[in-house]
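Chemist: Quick one, what's the 3D model for this:
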Amino acid sequence: MKKIKNPWLPLLDKGYNCFACAPTNPHGLKMEFWEDGDEVVCYWHPSPDYEGWLGTLHGGIQSTLIDEIGGWWVGRKLQTAAMTTNLNVKFRKLVPSSPEATLELRCRLKEQKRAFAVMEVTLSVEGEVCTSAELTYYCFPKEKALTDFYFCPFELEE
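Modeler: Numbers count the residues shown, from 1 in each chain. Okay, here's the model as predicted:
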């Protein structure tokens, strides 16, 4: 498993401040990603700052984590920008908001039809799937990604 470099770091001075993955956003999630074969993986430690109910991670934060890993999957595996067109989340079990918990998110391709990528994501705690989702992304042509969305290649660290 190899870490995926954050391709947006050179854009920090241009305003890159993504709530999910910018390392400098003081209120953000500061997500990082790894490539594991055909999957993209994220290990993330929650915080009570993102609680919905006592000791429980807010469902909107879970959905954000899931949506973001899907975007990184497209960026790394298809090397283009994309936008979410559908996000279907199933909350199965409560997810702790304790920093001692380690959440593991895994994203894999389910199918690709023309410009649409359909992915499956699981969010697990201690090996138990707590939340699952199916996401559909519209993938922009690579030329448009470069010119309109500041797309930078998603590369692996050495």
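Chemist: Surely Arg76 is in a helix?
Modeler: Yes - counting by DSSP: H, G, I helix; E, B strand; the rest coil, Arg76 falls inside a helix.
Chemist: three-state assignment of the closest residue to it other than its chain neighbours?
Modeler: Nearest residue to Arg76 in three dimensions, chain neighbours excluded: Phe154, at 4.1 Å (C-beta to C-beta, 6 or more residues apart in numbering). Every C-beta, even on glycine, is put in place using the N, C-alpha and C of the backbone. Look at Phe154: counting by three-state DSSP, its state is coil.
Chemist: Extract the C-alpha set from the helix or strand hosting Glu120 and format it as PDB.
Modeler: Remark: Glu120 resides in strand 116-125, with elements defined by DSSP states H and E. Output of strand 116-125 as PDB, limited to C-alpha atoms (Å, rounded to 0.1, in the frame of the first residue of the first chain):
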ATOM      1  CA  PHE A 116     -19.900   7.700 -15.300                       C
ATOM      2  CA  ALA A 117     -18.100   5.800 -12.600                       C
ATOM      3  CA  VAL A 118     -20.100   3.900 -10.000                       C
ATOM      4  CA  MET A 119     -18.200   3.100  -6.800                       C
ATOM      5  CA  GLU A 120     -18.800   1.200  -3.600                       C
ATOM      6  CA  VAL A 121     -17.500   2.600  -0.300                       C
ATOM      7  CA  THR A 122     -17.400   1.000   3.100                       C
ATOM      8  CA  LEU A 123     -16.700   2.700   6.400                       C
ATOM      9  CA  SER A 124     -15.500   0.200   9.100                       C
ATOM     10  CA  VAL A 125     -14.400   0.400  12.700                       C
END
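Chemist: for the helix or strand that that strand is followed by, which positions count as buried?
Modeler: Per DSSP H and E, the first helix or strand lying C-terminal to strand 116-125 is strand 128-139. Burial within strand 128-139, assessed by neighbour count using 16 or more other C-beta atoms under 10 Å, is assigned to 130-137, 139.
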